[in-house]
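Enquirer: Sequence first, then the predicted structure, then my questions.
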Amino acid sequence: MSVLVACGLVREAAIIARPGFVVVAGGGDSARLERELEAAVGGASLVLSCGVAGALDPALRAGDVIVGTLHTSRSPHHADRFPGEGRGLVEEQKSLSRGVQLQPPSRLGPGLRRGSGVGGALVEWLAKNLPDAHCGTVVGADSIIGSVAEKTSLYARTGAIAVDMESHIAARVAARHDLPFAIVRTISDSADHALPPAALVGMKPDGGVALGSILASLARNPAQLPALLRTGRDAGSAFKALARAMETLDAGGLATLDPTR
């Protein structure tokens, strides 16, 4: 049996990869990510969403580790009329400055679900082995949540502590196959940091770095350089924290963990 892991970037996949893990990098293509997770899920004992994430909780800083599960309509701090994973009514979507489309609710509830549910056993195990991690729910989005206004709005409506682009897909696959699911992420951009335009075009469809697009954006708008440098520094902190977290979980026996016990 293996641990099936969803992430976004090739760099994340390289950090996460180790014996007993099958890692799929989505590159921002949710349909491809879901297809490849489906193709690999057969031998999995559990599903994780790992990598970097954007903070929604203002208390989180770059390099912080978070552990949790997907935000749903049953999650704590769920706002009235908000059905889950960052997707509300049409008029609520229009309130986001870029009209970001987010996913419908997952079939997973808070914590770990397997069949009739065994509580939050996987999340609890992860939190125990990462005692400095912040615990909470994460929102899944199909595009980058880059502006401070978007982050503030999403946090106010969900109470979720972070947002990424893979967790909702991984959770859906896990639910479809009745497998435990949890999230381990590290913060790459704080809630008060707006990502510059170059950062929004910096990912290739295969999860690699789109250096040409970054340089072209920078040439069009050189004034974004300070924000881009900060984004790079913060991402570096997140990657280092992710490597430490994965090493800790590996040493704790994640690859051989029996989620039914």
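Expert: That came through, no problem. Residues are numbered from 1 along each chain as shown.

Enquirer: Pull the helix or strand V22 falls within out as PDB, backbone CA atoms only.
Expert: For V22, the host element (DSSP states H and E) is strand 21-25. Output of strand 21-25 as PDB, limited to C-alpha atoms (Å, rounded to 0.1, in the frame of the first residue of the first chain):
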ATOM      1  CA  PHE A  21       4.700   7.700  -1.600                       C
ATOM      2  CA  VAL A  22       3.000   8.300  -5.000                       C
ATOM      3  CA  VAL A  23       3.100  12.000  -5.700                       C
ATOM      4  CA  VAL A  24       1.000  13.800  -8.400                       C
ATOM      5  CA  ALA A  25       1.700  17.400  -9.300                       C
END
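
Enquirer: State the mean pLDDT of it.
Expert: What strand 21-25 shows for mean pLDDT is 96.

Enquirer: That strand packs against which elements?
Expert: Packing contacts for strand 21-25, counted by 3 or more C-beta pairs under 8 Å, 6 or more residues apart in numbering; DSSP states H and E, involve strand 2-7, helix 10-16, helix 30-40. Any C-beta I mention is one placed from the backbone N, CA and C, and that applies to glycine too.

Enquirer: can you pull out the helices in the stretch 101-250 of the chain?
Expert: With helices called from DSSP state H, counting those that start in this stretch, the stretch 101-250 of the chain shows them at 121-129, 148-158, 167-176, 197-200, 211-220, 225-251.

Enquirer: Please tabulate those in a markdown table, including the columns distance to A182 and mean neighbour count.
Expert: Shown next, in a markdown table, are these (distance: least, C-beta to C-beta, whole Å; neighbours: other C-beta atoms under 10 Å):
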| stretch | distance to A182 | mean neighbour count |
| --- | --- | --- |
| helix 121-129 | 5 | 19 |
| helix 148-158 | 18 | 19 |
| helix 167-176 | 9 | 26 |
| helix 197-200 | 27 | 20 |
| helix 211-220 | 32 | 13 |
| helix 225-251 | 11 | 17 |
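
Enquirer: Given the top strand by length along the chain, what are its sheet partners and their directions?
Expert: In the chain, taking DSSP state E as the definition, the longest strand is strand 44-55. If you go by DSSP bridges, strand 44-55 pairs up with strand 2-7 (parallel), strand 162-164 (antiparallel), strand 181-189 (parallel).

Enquirer: if we can go back for a sec, name the stretch among the helices and strands packed on strand 21-25 that sits most buried.
Expert: strand 2-7 (a mean of 26; mean count of other C-beta atoms under 10 Å).

Enquirer: separation between T152 and S188?
Expert: Counting by C-beta to C-beta, to the nearest Å, the gap from T152 to S188 is 18 Å.

Enquirer: Then A39?
Expert: To S188, A39 is 28 Å away according to C-beta to C-beta.

Enquirer: swap in G68?
Expert: Distance of G68 to S188, computed by C-beta to C-beta: 16 Å.

Enquirer: same question, A227
Expert: For A227 relative to S188 (C-beta to C-beta), the value is 14 Å.

Enquirer: Same question for K128.
Expert: According to C-beta to C-beta, K128 and S188 sit 24 Å apart.

Enquirer: can you check G236 too?
Expert: 9 Å.

Enquirer: ditto for V209
Expert: Distance of V209 to S188, computed by C-beta to C-beta: 14 Å.

Enquirer: Looking only at neighbour counts, state which of those two leads.
Expert: Counted by other C-beta atoms under 10 Å, V209 and S188 do not tie: S188 has more neighbours, with 28 against 13.

Enquirer: Contact partners for the more buried one?
Expert: Residues near S188 by C-beta atoms under 8 Å, 6 or more residues apart in numbering: V52, A53, G54, A62, T231, D234, A235, S237, A238.

Enquirer: list the contacts for the third one?
Expert: With contacts defined as C-beta under 8 Å, 6+ apart, G54 is in contact with I144, I145, G146, K151, A162, V163, D164, I187, S188, D189, A191, L195.
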